[in-house]
Each structure stands twice: as structure tokens, then as C-alpha cells.
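Trainee: pasting the structure only:
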């Protein structure tokens, strides 16, 4: 079917949200010709990604560039599943995955399993 939404990997399709907006329309867009061809913020470390955790591996990959430490994707995924309210369901949407970083932050890989519990 043409309008059928399909699951691709562990990423679940997002429903339209009236709070979503186009950043470029609101704040304007930069002229891409002004960016040097060799400009790069950094390349995330590619890690083996089990099938259901793509949102966690992607979001921690971006955060690791900023934090300059290795982060734990499995903690991030577990918290995102709690935020979304469907911890037993397969896959994840991008909004809850990003909300973990803005609401709770991330856990350094070396400290994973040693911190306080966020949920009872």
C-alpha cells in the first residue's frame, strides 16, 4: 500500500505533532556555500548496533562528540522506553530518545550500572 507506514530497523515512525516546527522557517537557514568543504564537527564512533537500539546508538554517538567520553546506549534506550510508556514494545521513536538527553543527560560507559535508579 502506498500510504502504509513501515518499520525500518528499530526506528518507529513518528506521528505528526502540532508542536513540531521547521527550524529553518522560524530561525532562517544558513548559506551552505559559506561553510568550508573541509569543515566537520567530528565523526561519531561506529559501534556494533543490535537490531532494536538504533535510536540509542545514534543519539549517544552525537553526544559523545560533545562530551568526549564513551556513553552507554543501553541505559539511554531503557530510559527512552520508560519515557515513551511502552517499555515492552519493539523499537523506539526519535522524540523519546532525544528527550532522555534533554531531561536526564547520559551515563558514561564506565559508570553504567553504578548510579542511582531513576525509576522504581
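Mentor: It's in. None of these values were measured; they are calculated from a predicted model.
Trainee: CA atoms for contacts and neighbours, from now on please.
Mentor: OK.
Trainee: which residues of this protein score low on pLDDT?
Mentor: Across the chain, the ranges flagged by pLDDT under 70 are 1-11, 51, 113-120.
Trainee: Just give me the residue right at the centre of it.
Mentor: The residue lying closest to the centre of the chain (Cα atoms, centre = their mean) is residue 59, at 3.1 Å.
Trainee: Checking my notes, that one in a strand, right?
Mentor: No: going by DSSP: H, G, I helix; E, B strand; the rest coil, the assignment for residue 59 is helix, not a strand.
Trainee: my guess is it contacts residue 97, does it?
Mentor: Yes: the criterion here is Cα atoms under 8 Å, and residue 59 meets it with residue 97 at 7.1 Å.
Trainee: Where do the helices of the chain begin and end?
Mentor: 23-27, 54-67, 73-84, 94-103 (DSSP state H).
Trainee: So which of these is nearest residue 111?
Mentor: Smallest distance to residue 111 across the helices of the chain (Cα to Cα): 10.7 Å, for helix 73-84.
Trainee: And that closest one, what's buried?
Mentor: Of the residues in helix 73-84, 73-77, 79-81 count as buried by neighbour count, 16 or more other Cα atoms under 10 Å.
Trainee: from these, which is closest to residue 19?
Mentor: Within the buried residues of helix 73-84, the smallest distance to residue 19 is 19.3 Å, found for residue 80 (Cα to Cα).
Trainee: List the contacts of the closest one.
Mentor: Residues near residue 80 by Cα atoms under 8 Å, 6 or more residues apart in numbering: 92, 96-97, 99-100.
Trainee: rerun at 7 Å
Mentor: The contact partners of residue 80, taken as Cα atoms under 7 Å, 6 or more residues apart in numbering, are 96-97, 100.
Trainee: Please report which of the residues you listed has the highest neighbour count.
Mentor: Highest neighbour count within the contacts of residue 80: residue 97, with 25 neighbours (other Cα atoms under 10 Å).
Trainee: Distance check, that residue against residue 46.
Mentor: The gap separating residue 97 from residue 46 is 18 Å, by Cα to Cα, to the nearest Å.
Trainee: Residue 58 too?
Mentor: The gap separating residue 58 from residue 46 is 9 Å, by Cα to Cα.
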